[in-house]
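Visitor: quick one: sequence plus predicted model below, questions after.
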Amino acid sequence: MTFDASRAFADALAQHAAGRLPDAIAVLRTVIARAPRFAPARNAIGALLLEAGDATEAIAWLEPLAHHAPHVAAAQVNLGNAYVAARRFDEAIAAYQRAIAREPNEASNHYALGRAHQLAGDPEAAIHAYRMALSRHDQHVEAWSNLSAAFNFLDRYVEGVRAAEEALRRAPSHAGAHFNRGAALLALGHWSEGWREFAWRTRTALLGGRTSPSSAPVWDGTARAGETVLVYAEQGFGDTLQFVRYLSLVRARGLRVVLVCQRPLVRLLHAQQLADVVLPDGAALPPHEVQVSLSSLPEVLQLHTDAAVVVSDAPYLHINSARATARYGRPRIGLVWAGHPTHVNDVHRSLGLAPFAALLARDDVQWVSLQAGPRTSEIEALGLTPFFERAARHPRDFAETAATVATLDAVVSVDSAVAHLAGAMGVPTWMLLPRIGLDWRWMVGGPPSDGEASPWYGTVRTLRQHTPHVWDDVMQALSAALPHATAPRVS
């Protein structure tokens, strides 16, 4: 009996439409085995494997197809999508460009190219591609929303607001557009509306992963003396360290506070007595009447003015640890050269250890590594071990990191949780900021200038790139600042 590849292929598509993804992939494997020249099955299995989360096998199927059928734009797009999932952005961009060469008027091709450029850290190219997509289809909501994010990455916040509003005119409940508009408004200091829009973060794919551990009613800010509010952290470590300052405002209303946060922060925050109880994610919850996200406190507490939002209350984390400068006779400075690799702007905010080589060789500073994660290996790989007080190791938690920071004269860090930690402890800190993708919180009062004190932490001073991807100017400014590492500590 002759095998009907077209009928079997149609069956695979029906299985997929019915939500049976593994069955659809299994049928496609049969089609390819029985009819290896049936190109639609190879294209489809690549797309479905990618949907199933297997970018590596998807690429293995799609690369040969895209090579042998360069005229099939869909194969190029699917290959580009698989490359994006594998974070192989240069190859994705090339694939989308091949698709555009075949289908120049297809808006989705230009949008896909823009997204690849944006993920690769090139918002200027992304803006051009999104505009090309919108010139072909001005109702493309995702293009409007991502255009807003690209403008925000370049400090073009007014344009970011406008692009997000274009997306929302077409799709009023688009979470990403609301969030992008919120980030732009917060950067501009429009707190009231900005906090409302910022609340949409929990509905986005990027920032909505950690949900409330409680089914209690959401706290609306009403004071109920003697009742308990559960406050849970749902963003990154740095966000938690920055926003715990607002817990005192909750307790001032007569409420008992239970804080649920990331396990590596529990020991540190428990010792600070900022909350009545501090628990790790996943712990059994004590009785409570209401619950609220930590990052939603400014909105719930109606912090709508600069004076209310930007509270210069550091140090609000206090560590008992003897400083050891005298033993060495030179200032001890902690160093963090990279943030978490999955951060959306890590390509810009993390610079690696190599640019610090000349500074590390100075004999008037004793360097201490505060770096965590896989990039600690750069010390040995670059032959820079002799310049550090001790070999890098993985701290057990933030309490251990804080104990080390408390012994230092100063900290040098990229935009990371350690920078927030040092700032909250009142330790003199230089924070190295990228030209592209500046977080909204550093825009309070306008773009930071070299050596400017952060409004959130009085002992944190910012040094920002003048040119994307070029850190030489920052290293020069940091070199000039190092002699001041022994500036008086806030107590």
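Guide: Structure received.
Visitor: residues near residue 3, how many?
Guide: The number of residues packed around residue 3, counting by other C-beta atoms under 10 Å, is 12. Quick note: C-beta positions are derived from backbone N, CA and C, even for glycine.
Visitor: the closest residue to it other than its chain neighbours and residue 20, how far apart?
Guide: Distance criterion C-beta to C-beta, 6 or more residues apart in numbering; nearest residue to residue 3, sequence neighbours excluded, is residue 34 at 4.6 Å. According to C-beta to C-beta, to the nearest Å, residue 34 stands 20 Å off from residue 20.
Visitor: next one: residue 141
Guide: Relative to residue 20, residue 141 is positioned 29 Å away (C-beta to C-beta).
Visitor: and the residue nearest to residue 465 when sequence neighbours are not counted, which of the three is it?
Guide: Among residues not flanking residue 465 along the chain, residue 435 sits closest, at 3.9 Å (C-beta to C-beta, 6+ apart). Following DSSP: H, G, I helix; E, B strand; the rest coil, the label given to residue 435 is coil.
Visitor: ok, residue 435 touching residue 473?
Guide: No. Residue 435 is beyond contact range of residue 473, at 10.0 Å (criterion: C-beta atoms under 8 Å).
Visitor: of the two, which one has the most company?
Guide: residue 435 (20 against 15).
Visitor: now do the contacts for that one.
Guide: 348, 464-468 (C-beta atoms under 8 Å, 6 or more residues apart in numbering).
Visitor: chain center to stretch 363-378, what's the gap?
Guide: 22 Å (C-alpha atoms, centre = their mean, to the nearest Å).
Visitor: what's the domain layout of the chain?
Guide: 5-203, 228-309, 325-484 (automatic domain parsing).
Visitor: looking at these, which is nearest to residue 217?
Guide: Ranking the domains of the chain by proximity to residue 217 (C-beta to C-beta) places domain 228-309 first, at 5.3 Å.
Visitor: span of that closest one from start to end?
Guide: 24 Å (C-alpha to C-alpha, to the nearest Å).
Visitor: tell me the gap between it and the middle of its chain.
Guide: The answer for domain 228-309 is 21 Å, by C-alpha atoms, centre = their mean.
Visitor: need the three-state assignment for residue 334.
Guide: Under three-state DSSP, residue 334 falls in the strand class.
Visitor: now swap in residue 16 and tell me
Guide: Residue 16 - assigned by three-state DSSP - is helix.
Visitor: pLDDT score assigned to it?
Guide: For residue 16, the model assigns a pLDDT of 95.
Visitor: compute the number of surrounding residues for it.
Guide: Using other C-beta under 10 Å, residue 16 has 19 other residues around it.
Visitor: same check on the one 4 residues further on?
Guide: Residue crowding around residue 20 was assessed by other C-beta under 10 Å; the count is 14.
Visitor: roughly how far does the residue nearest in space to the middle of the chain sit from residue 238?
Guide: The residue lying closest to the centre of the chain (C-alpha atoms, centre = their mean) is residue 343, at 3.5 Å. For residue 343, the distance to residue 238 equals 10 Å [C-beta to C-beta].
Visitor: residue 442 now?
Guide: The gap separating residue 442 from residue 238 is 11 Å, by C-beta to C-beta.
Visitor: need the residues touching each of these two.
Guide: Joint contacts of residue 442 and residue 238 (C-beta under 8 Å, 6+ apart) are residue 415.
Visitor: ok now the helix or strand hosting residue 418, how far from the chain's centre?
Guide: Element membership of residue 418 [criterion: DSSP states H and E] is helix 417-425. Taking C-alpha atoms, centre = their mean, one finds helix 417-425 lying 17 Å from the centre of the chain it belongs to.
Visitor: and residue 281, how many neighbours?
Guide: Residue 281: 15 neighbours (other C-beta under 10 Å).
Visitor: meant to ask about residue 239, not that
Guide: Residue neighbour count, defined by other C-beta under 10 Å, stands at 18 for residue 239.
Visitor: am I right that it sits in a strand?
Guide: No. Read with three-state DSSP, residue 239 is helix and lies in no strand.
Visitor: look up how far residue 30 lies from it.
Guide: Distance from residue 239 to residue 30, by C-beta to C-beta: 49 Å.
Visitor: my read: residue 376 touches residue 395, true?
Guide: No. Residue 376 is beyond contact range of residue 395, at 10.5 Å (criterion: C-beta under 8 Å).
Visitor: in the stretch 151-300 of the chain, which spans are strands?
Guide: Counting by DSSP state E, counting those that start in this stretch, one finds strands in the stretch 151-300 of the chain at the ranges 228-232, 256-261, 277-280, 290-293.
Visitor: ranking those strands by burial, who's on top?
Guide: When those are scored by mean count of other C-beta atoms under 10 Å, the highest mean neighbour count falls to strand 228-232 (a mean of 24).
Visitor: and for stretch 168-182, what's in contact with it?
Guide: Residues from elsewhere that reach stretch 168-182 (C-beta under 8 Å, 6+ apart): 139, 141-142, 144-146, 148-149, 152, 160-161, 163-165, 167, 193-201, 203-208.
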